[in-house]
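1. Pasting the sequence and the predicted coordinates here, then a few questions.
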Amino acid sequence: MAKKELSDIGCESYICSLNEDNFVANLQKLLQENQFKFALCMSGMGLELLTNGKLLWDELKLPIFNWNCDHPCYFPSRHLIQSKYVYHGYVFPDHAKYSLQHINKNGLCFSLHLGAPKNVFKEIDLPLSSRVERIIFSKSSASLESFENKWATYPTAIKQILFESAPLLKHAYVEDFVKILNEVSEKYGILMNGGNKLTMALLVELDLYIRVWQSNMVMKSLKSYPVDVYGGGWDHINWDQATAQYKGSISFPDYIAKLPNYLGCLSLNPLVQDSVHDRVFFGIAAGVPPIYNNNRFSIKNLSKLRSLGFNLSEESIQMAADNLLSNRSDAIEATILARNELGEKYSMHTAMTQMLHIADLNAFNELV
């Protein structure tokens, strides 16, 4: 998707696979034959490569933009890398702020919303008569018991911190994590900084647990609704006699292919306040009304879709679904209006343009 957007801007790009034999040699050959402005990786993949005992990107003197969709607690060592050639960016401003505050205090962090992509869907804004009148939900899940059974084997203090923090974080956000963790851990004589290894390990456990709790709670609220569920880990739900149907795992390209054909798409924002999940942006781009949990960003920027936003209660979730199902044409029209309202500010085109401007900073880094 990034390659397509860069092409529209007028930038030629190459995709290098880390699975290629002689990856570094092939990359060096490319650099000799072409003049590159920057490299792009997702979630730090390829960021830690070394050559001649130095970080590859330092050796090549090529700025690389590390674009992350997940919280810095995932693969934290990658977020800790400080180099004049490494730029850490996040699709959620909440994660960028966390990284700058707790991990990369002497560096720079960039926030680039993934936004609504163009040129991804073969068709958009399909008429209601051409759509499957169901809601698509692509999300992996698990049983909460699987987490709790694992936690029960941990040392006493860690076990207590996890079990006591989890209920407090169910309706919280990234910005609340460290504060709430410390309120609990202080009772056991432990105070944590947001960048240490113990905090990161606990946040991974709690982030996954809470997102699974939210997914299960939403799905149980909508079992009697026409929802097609894709993803792994849903075997703990009893689908017998449910209107909702479990369809199994799905690849991302297959999801993109199916999405425009649906009446609506269900999404959950990953404990952030200042952006929305890619499924919301993709739904808007395809003209498929998104049903989503509210946050600061959606309340401010998705006013046309307000009736499709919900809070984490069964009544609110079902009301949002009812608003879509009882006002189908209006919801599709509101989605198209929301896309126009978001405009270029929240588009993948804008993200790529911003990335090009950020790469220009390297000229100033070279002076130091």
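-> Here it is on my side, so go on.
2. Okay, and the residue nearest to H349 when sequence neighbours are not counted sits in which element?
-> Nearest residue to H349, sequence neighbours excluded (CB to CB, 6 or more residues apart in numbering): E5, at 5.2 Å. Using the backbone N, CA and C atoms, a C-beta is placed for each residue, glycine as well. Using DSSP states H and E, E5 maps to helix 2-9.
3. got the buried residues for that helix?
-> A2, E5, L6 (16 or more other CB atoms under 10 Å).
4. go on, stretch 164-176?
-> Those buried within stretch 164-176 under the rule 16+ other CB under 10 Å are E164, S165, A166, L169, Y173, V174.
5. which element follows the helix holding E5 toward the C-terminus?
-> Downstream of helix 2-9, the first helix or strand assigned by DSSP H and E is helix 23-33.
6. Show the low-confidence segments of the stretch 1-150 of the chain, by residue range.
-> 106 (pLDDT under 70).
7. Kindly recompute the last result at 90.
-> Scanning the stretch 1-150 of the chain for pLDDT under 90 picks out the ranges 1, 14-35, 46, 48-53, 56, 59-61, 80, 82-84, 103-108, 117-120.
8. Distance check, the residue nearest to I64 when sequence neighbours are not counted against Q214.
-> Among residues not flanking I64 along the chain, A39 sits closest, at 4.1 Å (CB to CB, 6+ apart). Per CB to CB, to the nearest Å, A39 is found 35 Å from Q214.
9. Those two: which is more packed in?
-> A39 (23 against 20; other CB atoms under 10 Å).
10. Correct me if wrong: that one contacts W57.
-> Yes - here A39 reaches W57: they are 7.1 Å apart, a contact under CB atoms under 8 Å.
11. that older thread, between the buried residues of stretch 164-176, which sits nearest V276?
-> Y173 (13.0 Å; CB to CB).
12. who touches stretch 322-331?
-> With CB atoms under 8 Å, 6 or more residues apart in numbering as the test, stretch 322-331 has contacts from L128, E133, I135, Y225, P226, L263, G264, P289, I291, L305, S307, L308.
13. Then stretch 351-359?
-> Here stretch 351-359 has contacts from 2, 5-6, 9, 11, 37-38, 40, 63, 65, 67, 87, 89, 110, 112-115, using CB under 8 Å, 6+ apart.
14. hmm, 7 Å instead?
-> 2, 5-6, 9, 37-38, 63, 65, 87, 110, 112-115 (CB atoms under 7 Å, 6 or more residues apart in numbering).
15. Just the buried residues from these, in PyMOL please.
-> Selection of buried members from these for PyMOL, criterion 16+ other CB under 10 Å:
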select buried, resi 2+5+6+38+63+65+87+110+112+113+114+115
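16. rewinding a little: filter the contacts of stretch 322-331 down to the buried ones and hand me the ChimeraX line.
-> A single ChimeraX command selects the buried members of these (16+ other CB under 10 Å):
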select :135,225,226,263,264,289,291,305,307,308
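17. measure L49 to D254 for me?
-> In terms of CB to CB, L49 sits 31 Å off from D254.
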